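K.L.:
sequence-free structure coming up:
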């Protein structure tokens, strides 16, 4: 036991390789005892099916200073099966980090991939990441960054945003109206207290029918009202499309069709597909933040130049060439049509790549149309 306030591993724990399975440290001890430290090639393999890769900056910082070479796709690149990471170096230099390597990439890639599917469904509608409260608070920055890589337009977690250099936003909770006693009091207090840089998007479903609260919000804020958020709980929602259409009707009646309608609360891909022609944007929580990690596996495939691995894995160092989103896996010294997907990330433990969030986001978005044409985002009905 330690005297730590929370059940958290620190950056020091991770950097020193203690965030690992015990058998990796025992393996290290055994290899040291027998005087073995072979040069190996290890590959991270992805399951079949298209996903995004994310978490590479954390991985690079973990292995910075470790005498290894690492190749990987650029962040935000779609991946589908085959090797998506190659590590070369003395086994004892990086073996203890296997758990952290997998964790950094699997969790971030899972969230980015979920956000990518949400973005594909939403088209040009606004997508906001609202789900960090469903996860451990220490993960806020990773979740929000991964959501942005996948296609979210904005985030809600303040600390997470500060960590990654992106300003968080939001509207108001039901608690504000409940504490102040009425929605009108909450809307007025919001408008009076916050500066003009904060969008006037008001929650309109705390006490009464959504269309009725929207009518009253218009009466309270007038032309200052920029948007309304509908967050009706699933237990009493009914037909959410009909609710949004009622709100739209009310906005038209009051010559306020330019007021945006944002829908949140249990929003997932099917809900977005049903509402995207009537809603201007979506606040998405669990459908992004609760995403399953990608089931990556890391395997040694070559030892001191000898192609050697476990059953069920192809031995030898490999690479991937991509042409029009058709991937070909070949031995590392071979070539195939297209460009090589695995690019240098670290050389001799030195990071040789920059990490630009906007570039990663653009890379992920640019892949949606061509992969949509291939049916990648089609759901089983």
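P.N.:
Arrived safely. Predicted model, so just to flag it, every value in this text is computed and none were measured.

K.L.:
in the stretch 51-200 of the chain, which spans are strands?
P.N.:
51-52, 69-72, 78-79, 83-90, 126-129, 154-155 (DSSP state E, counting those that start in this stretch).

K.L.:
So what touches the second one?
P.N.:
So the one you mean is strand 69-72. Strand 69-72 has contacts (Cβ atoms under 8 Å, 6 or more residues apart in numbering) with 53, 56, 59-60, 63, 84-89, 319, 342-348. C-betas here are computed from N, CA, C, even on glycine.

K.L.:
let's go with 10 Å and repeat that
P.N.:
Strand 69-72 is contacted from outside by 41-44, 53, 56, 59-60, 63, 79, 83-89, 94, 101, 105, 317, 319-320, 332, 340-353, using Cβ atoms under 10 Å, 6 or more residues apart in numbering.

K.L.:
So how do I select the buried members of those in ChimeraX?
P.N.:
To isolate the buried subset of these in ChimeraX, counting by 16 or more other Cβ atoms under 10 Å, use the following:
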select :41,42,43,44,53,56,59,60,63,79,83,84,85,86,87,88,89,94,101,105,317,319,320,332,341,342,345,346,349,351,353
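
K.L.:
if we can go back for a sec, closest one to residue 135 among the strands of the stretch 51-200 of the chain?
P.N.:
strand 126-129 (11.4 Å; Cβ to Cβ).

K.L.:
Which elements pack onto that closest one?
P.N.:
helix 98-122, helix 140-150, strand 154-155, strand 260-264, strand 281-284, helix 286-289 (3 or more Cβ pairs under 10 Å, 6 or more residues apart in numbering; DSSP states H and E).

K.L.:
Identify the neighbouring strands of that strand in the sheet and state each direction.
P.N.:
Strand 126-129 pairs in its sheet with strand 154-155 (parallel), strand 281-284 (parallel), by DSSP bridges.

K.L.:
quick one: low-confidence ranges for the stretch 251-381 of the chain?
P.N.:
380-381 (pLDDT under 70).

K.L.:
Got the domain ranges for this protein?
P.N.:
The chain breaks down by automatic domain parsing into domains covering 11-110+292-373, 124-289.

K.L.:
can I get those domains in TSV with distance to residue 4?
P.N.:
Listed next are the domains of the chain as TSV, based on distance: least, Cβ to Cβ, whole Å:
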stretch	distance to residue 4
domain 11-110+292-373	10
domain 124-289	12
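
K.L.:
how about those domains, which one is nearest residue 5?
P.N.:
Here domain 124-289 is closest among the domains of the chain (Cβ to Cβ), at 11.8 Å.

K.L.:
Distance from the closest one to the middle of the chain?
P.N.:
With Cα atoms, centre = their mean, to the nearest Å as the basis, domain 124-289 stands 20 Å off its chain's centre.

K.L.:
Also stretch 52-72?
P.N.:
Distance, centroid of stretch 52-72 to centroid of chain: 18 Å (Cα atoms, centre = their mean).

K.L.:
One more: stretch 95-112?
P.N.:
That offset, for stretch 95-112, works out to 13 Å (Cα atoms, centre = their mean).

K.L.:
closest to residue 186 out of the strands of the stretch 51-200 of the chain?
P.N.:
Nearest of the strands of the stretch 51-200 of the chain (Cβ to Cβ): strand 126-129, 19.8 Å.

K.L.:
thinking again about what came up before, okay, the helices and strands packed on strand 126-129, which one's buried deepest?
P.N.:
Burial of the helices and strands packed on strand 126-129 is given as mean neighbour count (mean count of other Cβ atoms under 10 Å); helix 140-150 ranks first at a mean of 28.

K.L.:
now for it, which elements pack on it?
P.N.:
Right, helix 140-150 is packed against strand 51-52, helix 56-63, helix 98-122, strand 126-129, strand 154-155, helix 158-164, helix 286-289, helix 357-366 by 3+ Cβ pairs under 10 Å, 6+ apart.
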